[in-house]
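Chemist: Requesting a structural model of the entry that follows:
(one chain, ligands or ions: 1)
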Amino acid sequence: MRFATLGLFHEANTFSPFKADKRLFEDGGVFRGDEIIAEYDGSATPIGGYLEECRRRGAELVPLLQANVTPVGAITEDAFESLVGEMLEQLRDRGPWDGVLLNIHGAAVAEHIPDADGEIAARVRQIVGPDVPVGAVLDMHANVSEKLVEALTITLVYQTNPHVDAREKAVACTKLVLATAEGTIKPEQALVQLPLVVNIARQDTSEPPMSELVEKAQQLENGLLSVSVVEGFPYADVPQMGMSCIAISDGDAQQAEAAAQELADEVWRRRGELQARGTTVDEALDIAEREQGPVVLLDVGDNIGGGAPGDSTVILEAAIARGGRSLVQTLWDAESVRQCGEAGVGATVTLEVGTRNVPVTGVVKALSDGRFEEPKPTHGGYRFFDMGPAAVIETDAGHTLVLSTKAILNSSLQQLLSVGVDPSSFQIVVAKGVNSPRAAYGPIAKRMIVVDTDGVTAMGLERFTYQHRRKPMFPFETGQ
Ligand SMILES: [Zn+2]
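Modeler: Next up is the predicted model:
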């Protein structure tokens, strides 16, 4: 058996002013051929799982091209067509294949193609023809379209958020694609799209209602090949935005339909519980100041994993105004990193940090190339990280800022530990995310608080103007 793996991995926040252009893809990582093996082999990512299971089964997995970008706005037409064009040319030229294992997110949007994942899968299908199995493991934040599921033979989805089962799902996907290629199963897929969004603060799969919906999906899996509940990604103004359910049976389309529908009915029944309101910045700081630390404040509006830039100082400013000390956070601010680098370790610098140019004075404690490695599987299973040149400053106000040249998720404690900052020694840790920091920061946090801050990933979806989503949808339109 000889399989191809390729993909473009992007979660698009269409409210972000930044487009995913070629430069941002280069920052995020474009890997070709064996570079893919070097980057992912042994990791807990989907490609790590594809490689592991193919090796175990003696199947050859040929790595073609993998392009990634940290969540940001829609992909430019130029970046999409050149990257997808290159990977599909390889797929065409180096075939025939017994199967294809795609590594796509499921919530990609291109400027000229609102359903970018559906388009990639459809183009792959066109090349390999109707009989070659094509499998994909989608992120739980996928906005799944009919077009995508129609083009794929096997659609699996992470069932954890934070995402710690990517490799496990990829192993399962590889098994199903292999069995299809061998002719031992005939997958039939069913998709039910729900006119419903789940609030970012209700997506943790270790707590109800999501824990119970995932459990329900697992129960329904009895006798089927797979059943998934998909959370979707609300910050994308596209028709396929929303929750969905997918079921796959062996040769029985009706059975798949019935399972997907039963799960969707249960999700719909619990739609009220999937909504949330957050804690204000002042309420959160009140709690953080009186409780034993570290208290991790999850900065919802500046959620890097959701497409925000990671440069907001809303919580920092409130802490400065209140005179609260012992706070640590990362901040995307290339210009301040440059100034710290020029001043050198031990120098006192005065900077204007973040998007709102907050004046701070402090001592440069460390400088770094910003590369670090996470030995344990955290959110998404990544192993190698690169935040670009970075600087640590300790301000007069008692705050420690880890300034980076690139915005990357706060999904590994090594981001701070690698530059000599121990987050567990602080009263307050600000994390730029809602779910992605939990696997890393949960173990050191005495408490985690979701803070309702402004930004392109704010909790309250009523702050955004949608033009292309379906209508009616819950909770936007009432009376459902
Ligand atoms: Zn996700």
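Chemist: Up against the ion, what does the protein have?
Modeler: The chain has residues D139, H141 near the ion, with proximity defined as C-beta under 5 Å from the ion. Any C-beta I mention is one placed from the backbone N, CA and C, and that applies to glycine too.
Chemist: And stretch 192-206, what's buried?
Modeler: 192-205 (16 or more other C-beta atoms under 10 Å).
Chemist: what's the most distant pair in those residues?
Modeler: The span of the buried residues of stretch 192-206, defined through C-beta to C-beta, is set by V192 and A201 at 24.3 Å.
Chemist: So which of the buried residues of stretch 192-206 belong to strands?
Modeler: V192, Q193 (DSSP state E).
Chemist: Now do E35: how many residues are near it, please.
Modeler: 14 (other C-beta atoms under 10 Å).
Chemist: Next: V419.
Modeler: Neighbours of V419 using other C-beta under 10 Å come to 22.
Chemist: Now do the strands in the stretch 301-450 of the chain.
Modeler: 327-332, 348-353, 358-368, 371-373, 384-386, 390-395, 399-404, 428-431, 447-451 (DSSP state E, counting those that start in this stretch).
Chemist: Tell me which of the ones you listed sits most buried.
Modeler: strand 428-431 (a mean of 28; mean count of other C-beta atoms under 10 Å).
Chemist: Off-centre distance for it?
Modeler: Chain-centre distance of strand 428-431: 20 Å, with C-alpha atoms, centre = their mean, to the nearest Å.
Chemist: Quick one: list the elements packing against that strand.
Modeler: Counting by 3 or more C-beta pairs under 8 Å, 6 or more residues apart in numbering; DSSP states H and E, the packing neighbours recorded for strand 428-431 are strand 295-299, helix 314-322, strand 327-332.
Chemist: ranking these by burial, who's on top?
Modeler: Highest mean neighbour count among these (mean count of other C-beta under 10 Å): strand 295-299, a mean of 28.
Chemist: Which strands and helices lie in contact with that one?
Modeler: Against strand 295-299 (3+ C-beta pairs under 8 Å, 6+ apart) you get helix 281-290, helix 314-322, strand 428-431, strand 447-451.
Chemist: Can you verify my assumption that E262 contacts L220?
Modeler: Yes: counting by C-beta atoms under 8 Å, E262 does reach L220; the two are 6.3 Å apart.
Chemist: who has more neighbours, the two?
Modeler: Set E262 next to L220 and count neighbours by other C-beta under 10 Å: L220 wins out with 21 against 17.
Chemist: mind listing what that one touches?
Modeler: V227, A247, A259, E262, L263 (C-beta atoms under 8 Å, 6 or more residues apart in numbering).
Chemist: rerun that using 6 Å as the cut-off
Modeler: By C-beta atoms under 6 Å, 6 or more residues apart in numbering, L220 lies in contact with V227, A259, L263.
Chemist: Buried ones only from those residues, please, as a PyMOL command.
Modeler: Per 16+ other C-beta under 10 Å, the buried members of these correspond to this PyMOL selection:
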select buried, resi 227+259+263
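Chemist: what would the contacts of L220 look like in CSV with pLDDT and secondary structure?
Modeler: Listed next are those as CSV, based on pLDDT from 0 to 100; DSSP: H, G, I helix; E, B strand; the rest coil:
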residue, pLDDT, secondary structure
V227, 98, strand
A259, 98, helix
L263, 98, helix
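Chemist: and the strands of the stretch 301-450 of the chain as TSV, adding mean pLDDT?
Modeler: Converted to TSV, the strands of the stretch 301-450 of the chain look like this (pLDDT from 0 to 100):
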stretch	mean pLDDT
strand 327-332	98
strand 348-353	98
strand 358-368	98
strand 371-373	96
strand 384-386	92
strand 390-395	98
strand 399-404	98
strand 428-431	98
strand 447-451	95
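Chemist: Turn those into a markdown table, including distance to D93.
Modeler: Below are the strands of the stretch 301-450 of the chain laid out as a markdown table (distance: least, C-beta to C-beta, whole Å):
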| stretch | distance to D93 |
| --- | --- |
| strand 327-332 | 39 |
| strand 348-353 | 49 |
| strand 358-368 | 41 |
| strand 371-373 | 34 |
| strand 384-386 | 29 |
| strand 390-395 | 41 |
| strand 399-404 | 39 |
| strand 428-431 | 44 |
| strand 447-451 | 48 |
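Chemist: What is the burial count for the spatially closest residue to V364 that is not a sequence neighbour?
Modeler: Computed as C-beta to C-beta, 6 or more residues apart in numbering, the closest residue to V364 that is not its neighbour in sequence is C340, at 4.7 Å. Using other C-beta under 10 Å, C340 has 27 neighbouring residues.
Chemist: C340 and N435, how far apart?
Modeler: 31 Å (C-beta to C-beta, to the nearest Å).
Chemist: And for P187?
Modeler: With C-beta to C-beta as the criterion, P187 and N435 are 30 Å apart.
Chemist: The two: which is more packed in?
Modeler: N435 (25 against 22).
Chemist: Quick check, the more buried one in contact with H163.
Modeler: No: with contacts counted by C-beta atoms under 6 Å, N435 stays clear of H163, the gap being 8.2 Å.
Chemist: Which residue does the stretch 151-300 of the chain have closest to the ion?
Modeler: Across the stretch 151-300 of the chain, no residue is closer to the ion than H163, which sits at 5.6 Å (C-beta to the ion).
Chemist: And the helices in the stretch 101-250 of the chain?
Modeler: 116-128, 146-151, 166-182, 210-220 (DSSP state H, counting those that start in this stretch).
Chemist: hmm, who's touching the first one?
Modeler: With C-beta under 6 Å, 6+ apart as the contact definition, helix 116-128 has outside contacts at 84, 88, 91-92, 100, 104, 106, 108-110, 113, 134, 145, 147-148, 151-152.
Chemist: ok, of those residues, which come out buried?
Modeler: Counted by 16+ other C-beta under 10 Å, those give 84, 88, 91, 100, 104, 106, 108-110, 113, 134, 145, 148, 151-152 as buried.
Chemist: rewinding a little: keep only those of the contacts of helix 116-128 that are in strands.
Modeler: V100, V134.
Chemist: pLDDT score for the closest residue to the ion within the chain?
Modeler: When scored by C-beta to the ion, the chain has H141 as its residue closest to the ion, at 3.6 Å. Looking at H141, its pLDDT is 96.
Chemist: how far away is it from P423?
Modeler: When H141 is compared with P423 (using C-beta to C-beta), they lie 25 Å apart.
Chemist: again, but for S145
Modeler: Distance from S145 to P423, by C-beta to C-beta: 39 Å.
Chemist: now swap in T313 and tell me
Modeler: For T313 relative to P423 (C-beta to C-beta), the value is 18 Å.
Chemist: center of this protein, which residue is that?
Modeler: G305 (5.1 Å; C-alpha atoms, centre = their mean).
Chemist: give the contact list for that residue.
Modeler: P71, L409, G433, S436.
Chemist: Now these in a markdown table, please, with extra columns for neighbour count.
Modeler: Conversion of the contacts of G305 to a markdown table gives the following (neighbours: other C-beta atoms under 10 Å):
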| residue | neighbour count |
| --- | --- |
| P71 | 27 |
| L409 | 26 |
| G433 | 26 |
| S436 | 26 |
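Chemist: Out of the residues you listed, which is nearest to Q329?
Modeler: Using C-beta to C-beta, the contacts of G305 come closest to Q329 at G433, 11.7 Å.
Chemist: From what I see, that closest one and N303 are in contact.
Modeler: Yes: contact criterion C-beta under 6 Å: G433 and N303 qualify, at 4.9 Å.
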